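J.: Let's see this in three dimensions:
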Amino acid sequence: MVNNPELNNLPPIKLIALDAETASLSGRTASTRPPTDIRWVKVLEFLRSNNLAPNSRKLYERELKRFLAWSELHYHELRPRHLALYKEYLRDELRTDVGKPLSKSSINASIAALKSFFKWMCYTYPEIISTLPTLGIKLEKVPLPPAQSLTPEEMERVWSALELLQETKQRDTALVHILSHGLRAGEVVQLNVGSFDGKLLFLPDTKTNEPRLVPLRKESREILAEYLQLREQQGEVLNSDSPLMISHHASYKGERLSYHGIYFAVEKIGEIAHIEDLHPHSFRHTYATDLLLLGVDPSHARKLTGHQSEKAFRRYTLRSEQEAAIAAYYRAIGEEVE
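T.: Okay, here's the model as predicted:
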């Protein structure tokens, strides 16, 4: 062994533990998490880049995750035949938790999520997908459900139920007045104090991505103004960005009333009023039906409710046409309409 003074003066060697990423780069094997599916990265980018309502985002995420679990193909390998096979899988093989086949509406929700995602992919990453793999994939034909409007007698029970509330009486009364002008629950969540000018509600961001003005009845304007005045009297400092509806829940008191908070409030009113399955959309159905029964032009009614699809709005025109036909019959035979 050669005694070399220079070698003796070398600094001591330090052993550094390699993390999983460094180990893989150095060629060493290490216990690591499964690699991230690059396809899922694109799904997350899609979800972040689109202004989706919370429920829509949850639905899209679930359906796209289901599709990626079914197919191992990369996006550039997908063809319409693969999507056709997936639709067959949804229709013929997939079952719900209770063992039943998926409904046509559920199949359509899945296909719609895929259509939306791949349209975004084709536009954002044309180098990956140059043609839509969803071309030619049709939605299932689903009969349009009838409008679930509340009867005048049921609405009277709703107003009576509101009188029996305690802490949330003013808030929930204002809430029902707003919902009874055709707003969706998600639209109510986004409303600020500045959205109300004393006569109209301004909705800047709706489901159709088009701003909308909603005129309020005199009674509803007064109820809403009284609710805001009460909050100021209780010491709340209101500005244009303050939430129009606030929560009374112990954990979220004073914060913006959430989507689930609106549903909970309406369900509670339904229990008191003895109306089974009362939900926020019940008031939207009632508003749209009443507009047409009052003789409002269908195109104007659609503008007020924010319905983008003429087909979806057809359920309300059917009701008004039937009511008009019944009234015409009684007039023809000289009887009063009851």
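J.: Give me the secondary structure label for L213.
T.: Under DSSP: H, G, I helix; E, B strand; the rest coil, L213 falls in the strand class.
J.: bridging residues for the closest residue to it other than its chain neighbours?
T.: Distances taken as C-beta to C-beta, 6 or more residues apart in numbering put L200 closest to L213, at 5.2 Å, once the chain neighbours are dropped. For glycine as for every other residue, the C-beta is placed from the backbone atoms N, C-alpha and C. Under DSSP bridges, the beta-bridge partners of L200 are P215.
J.: Could you pull up the residues touching L200?
T.: 213-216 (C-beta atoms under 8 Å, 6 or more residues apart in numbering).
J.: show me the contacts for R95.
T.: Contacts of R95 (C-beta under 8 Å, 6+ apart): 101-102.
J.: Give me the phi and psi angles of it.
T.: phi -130, psi 150 (degrees, to the nearest 10).
J.: if I look at it, how far off is S106?
T.: Per C-beta to C-beta, to the nearest Å, R95 is found 11 Å from S106.
J.: How many residues are close by I38?
T.: Applying other C-beta atoms under 10 Å, we find 9 residues neighbouring I38.
J.: ok, now K303?
T.: Neighbour count of K303, defined by other C-beta under 10 Å: 14.
J.: and it, what element?
T.: If you go by DSSP states H and E, K303 is part of helix 298-305.
J.: Just after that helix, pick out the following helix or strand.
T.: Remark: after helix 298-305, the chain's next helix or strand is helix 310-332, criterion DSSP H and E.
J.: And the average pLDDT for that following helix is what?
T.: Helix 310-332 comes out with an average pLDDT of 79.
J.: Does anything pack onto it? Which helices or strands?
T.: Using 3 or more C-beta pairs under 8 Å, 6 or more residues apart in numbering; DSSP states H and E, the elements in contact with helix 310-332 are helix 280-293, helix 298-305.
J.: Redo the ones you listed as a markdown table? Include mean pLDDT.
T.: Formatted as a markdown table, the helices and strands packed on helix 310-332 follow (pLDDT from 0 to 100):
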| stretch | mean pLDDT |
| --- | --- |
| helix 280-293 | 90 |
| helix 298-305 | 87 |
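J.: which stretch among those comes nearest Q234?
T.: For Q234, the closest of those is helix 280-293, at 25.5 Å, according to C-beta to C-beta.
J.: Okay, domains of this protein per the record?
T.: Following automatic domain parsing, one gets these domains for the chain: 38-124, 152-332.
J.: Dump the ones you listed to a markdown table, plus distance to T134.
T.: As requested, the domains of the chain are exported to a markdown table (distance: least, C-beta to C-beta, whole Å):
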| stretch | distance to T134 |
| --- | --- |
| domain 38-124 | 5 |
| domain 152-332 | 19 |
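J.: and of those domains, who's closest to V142?
T.: domain 38-124 (4.7 Å).
J.: Any idea how far apart the tips of the closest one sit?
T.: Counting by C-alpha to C-alpha, to the nearest Å, you get 16 Å between the two ends of domain 38-124.
J.: and it, average pLDDT?
T.: 92.
J.: which SS class is L228?
T.: helix.
J.: Which pLDDT does the model give it?
T.: We have a pLDDT of 97 for L228.
J.: just checking, it touches L238?
T.: Yes. Contact criterion C-beta atoms under 8 Å: L228 and L238 qualify, at 6.5 Å.
J.: thinking again about what came up before, of the helices and strands packed on helix 310-332, flag the one that's most buried.
T.: helix 280-293 (a mean of 21; mean count of other C-beta atoms under 10 Å).
J.: So M155 belongs to a strand, correct?
T.: No. Counting by three-state DSSP, M155 is not part of a strand but helix.
J.: between the helix holding K303 and helix 280-293, how many degrees?
T.: Angle, helix 298-305 to helix 280-293, by axes from the mean of the first three to the mean of the last three C-alpha atoms, to 10 degrees: 150 degrees.
J.: Need the residues touching each of L228 and L238.
T.: Both L228 and L238 are contacted by V193, under the criterion C-beta under 8 Å, 6+ apart.
J.: ranges for the helices of the stretch 51-200 of the chain?
T.: Taking DSSP state H, counting those that start in this stretch, the helices of the stretch 51-200 of the chain run over residues 54-70, 80-92, 104-124, 152-163, 169-179, 185-190.
J.: In CSV: these, plus mean neighbour count and distance to T286.
T.: Below are those laid out as CSV (neighbours: other C-beta atoms under 10 Å; distance: least, C-beta to C-beta, whole Å):
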stretch, mean neighbour count, distance to T286
helix 54-70, 16, 22
helix 80-92, 15, 34
helix 104-124, 17, 22
helix 152-163, 15, 7
helix 169-179, 21, 9
helix 185-190, 20, 15
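J.: Ok, which of those comes nearest L278?
T.: helix 152-163 (7.6 Å).
J.: who touches that closest one?
T.: 150, 169, 172-173, 176, 180, 269-270, 272-275, 278, 286.
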